[in-house]
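# Quick check, what structure comes out for this input:
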Amino acid sequence: MLPVLAGGLIVLTLTQVISAQVESRDDFANSELASGVEERWGAPVDQPAPSVRAVPSGTVFTALEAMPLSRQHVTVDAAMNYRKRGLRYFSGFDFDFTGQYAVTNPRPHDIDVAFVFPIEMDKAQVLMSDLQFLVDGQPAPLELGDDRNRLVWTGRIEKGAERTFTIRYRARGLDSFVYRLDPSLPANDVQLHVGVVGGDNFDYPAGVLSASSVAQSPGGIGLDWRFSTLESGVSLGVRLPSLKTWDTIIASMARRAWFPFAALLVILMGLGVKHGRPLAFYETPLVASLFGFTFVLIAYLSAFLTFEAAWPVSVVGLGAVFVGWMSRVMPSEPKETFVLAWLATMAVPTLAVVAQGYTGLIYTVELLAGLIGALVLSTRGPVRGWLDDSASRAQGVAS
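Numbers count the residues shown, from 1 in each chain. Model (predicted):
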């Protein structure tokens, strides 16, 4: 009994330590590491809508009056470019922005307007490039203002006329894209399309209006917002697709490792009874150490490789050591038995963590399969003979 307790203590110690280490890195990733990633690879994109200020033609630009846009159609084509730091994946993306705007003069006289397109993003982070500005379909000068944080155009719009503006640029972002309408003005004919390639899951940032329609495909998603009129400005946008949070998954695997280890120990104890060769007092802690270090190796390799590569390398590598050693401990038992025992206690619990939402079902199916297997084996002649012999030996020792 003491070796079993010692083995369980070893597994608990190793797995809880590595789980706590991974979770502390997860907290770090949500703060300092995230800031470092933003400095290198971009930041959440917050793009305000342009504003228009007007005065009657011929007057001085001292009392500008805000005017709503008569049309704003925005298209954002994004391609996911995930960034990995340690165990954490960040949702980086490269995108092309195209904004098509119109301003109509409904007044009975000409007006002079200032069209201002804010550029509030840190250009060193987002690497904004290929900025284009068209007025009525013709290239216009790129006047970025004194602080170079806005694109400014000034000109005249005749009564009843319309001016159109097109703005294009390429940039990169992290985690989310938000398009903010002016909260002080009504919005007319608003359309936003966000197309994403390289991911199919998404969410909405806090305070953002959900999309009018969503189209999903195996290779990406398309979200559309369409409004003929809005009485006040709102925020539109999306939190870009993310990969599985492997740091959280690895921590959960490690915390639950005691359960599959108990199953492995029961299997080895049964084989020990079958061969009349139970594990020695020092062999159980060795099995526990090998089992626990598998999760430690998975965690550290995942920091340098992908989880999909780190898991098989760790499980197959240390599994080969386990099978080779157990074949020497119980040479009459086929190696396939130890292979199946190792994979069953590693693969199924891992699947139960990775397939979130199906954990209970997977464990239930595994336990049911084990119960059915035990029932089937109990009907086999050799197994029944071994059980009867074991019972007879036990009665002889008791008498």
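
# Only the buried residues of stretch 279-296, if you could.
279, 283-288, 290-296 (16 or more other CB atoms under 10 Å). Glycine gets a C-beta too; all of them are placed from N, C-alpha and C.

# mind exporting stretch 95-106 as PDB, just the C-alpha atoms?
The C-alpha trace of stretch 95-106 is given here as PDB (Å, rounded to 0.1, in the frame of the first residue of the first chain):
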ATOM      1  CA  PHE A  95      -5.900  43.300 -43.300                       C
ATOM      2  CA  ASP A  96      -6.900  45.500 -46.200                       C
ATOM      3  CA  PHE A  97      -9.200  48.400 -45.300                       C
ATOM      4  CA  THR A  98     -11.400  50.100 -48.000                       C
ATOM      5  CA  GLY A  99     -13.800  52.800 -46.900                       C
ATOM      6  CA  GLN A 100     -16.200  54.400 -49.400                       C
ATOM      7  CA  TYR A 101     -18.000  57.600 -48.100                       C
ATOM      8  CA  ALA A 102     -20.300  60.200 -49.500                       C
ATOM      9  CA  VAL A 103     -21.300  63.600 -48.400                       C
ATOM     10  CA  THR A 104     -24.400  65.300 -49.800                       C
ATOM     11  CA  ASN A 105     -25.200  69.000 -49.600                       C
ATOM     12  CA  PRO A 106     -28.900  69.400 -48.900                       C
END
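
# picking up where we left off before, would CSV of the buried residues of stretch 279-296 with distance to Phe165 and pLDDT be doable?
What follows is these, written out as CSV (distance: CB to CB, whole Å; pLDDT from 0 to 100):
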residue, distance to Phe165, pLDDT
Leu279, 78, 80
Glu283, 77, 85
Thr284, 75, 84
Pro285, 73, 86
Leu286, 73, 88
Val287, 71, 86
Ala288, 69, 86
Leu290, 67, 88
Phe291, 65, 87
Gly292, 63, 86
Phe293, 62, 86
Thr294, 60, 87
Phe295, 57, 85
Val296, 58, 85
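
# Keep only those of the residues you listed that are in helices.
Among those, the subset assigned to helices under DSSP state H consists of 283-288, 290-296.

# Nearest to Ala78 among those?
Phe295 (35.8 Å; CB to CB).

# Helices of the stretch 101-250 of the chain, start to end?
Residue ranges of the helices in the stretch 101-250 of the chain, as given by DSSP state H, counting those that start in this stretch, are 123-126, 246-255.

# Which of those helices has the lowest mean pLDDT?
Among the helices of the stretch 101-250 of the chain, helix 123-126 carries the lowest mean pLDDT, a mean of 54.

# between the buried residues of stretch 279-296, which is closest to Ser213?
Phe295 (43.6 Å).

# how near is the closest one to Met346?
Phe295 sits 9 Å away from Met346, taking CB to CB, to the nearest Å as the criterion.

# Got the domain ranges for the protein?
2-25+246-356, 42-239 (automatic domain parsing).

# mind giving me TSV with these and columns for distance to Thr364?
Shown next, in TSV, are the domains of the chain (distance: least, CB to CB, whole Å):
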stretch	distance to Thr364
domain 2-25+246-356	10
domain 42-239	26
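
# Comparing those domains, which yields the minimum mean pLDDT?
domain 2-25+246-356 (a mean of 80).

# Which element, helix or strand, includes the nearest residue to Ile249 once chain neighbours are set aside?
In space, and not counting its chain neighbours, Ile249 is closest to Val353: 5.4 Å by CB to CB, 6 or more residues apart in numbering. Secondary structure from DSSP states H and E places Val353 in helix 335-354.

# Excluding chain neighbours, what is closest to Leu223?
Ala211 (4.0 Å).

# Look up how far Glu231 lies from the one you found.
Computed as CB to CB, the Ala211 to Glu231 distance reads 20 Å.

# so the residue nearest to Leu223 touches Val238, yeah?
Yes: taking contacts as CB atoms under 8 Å, Ala211 lies within contact range of Val238: 7.3 Å.
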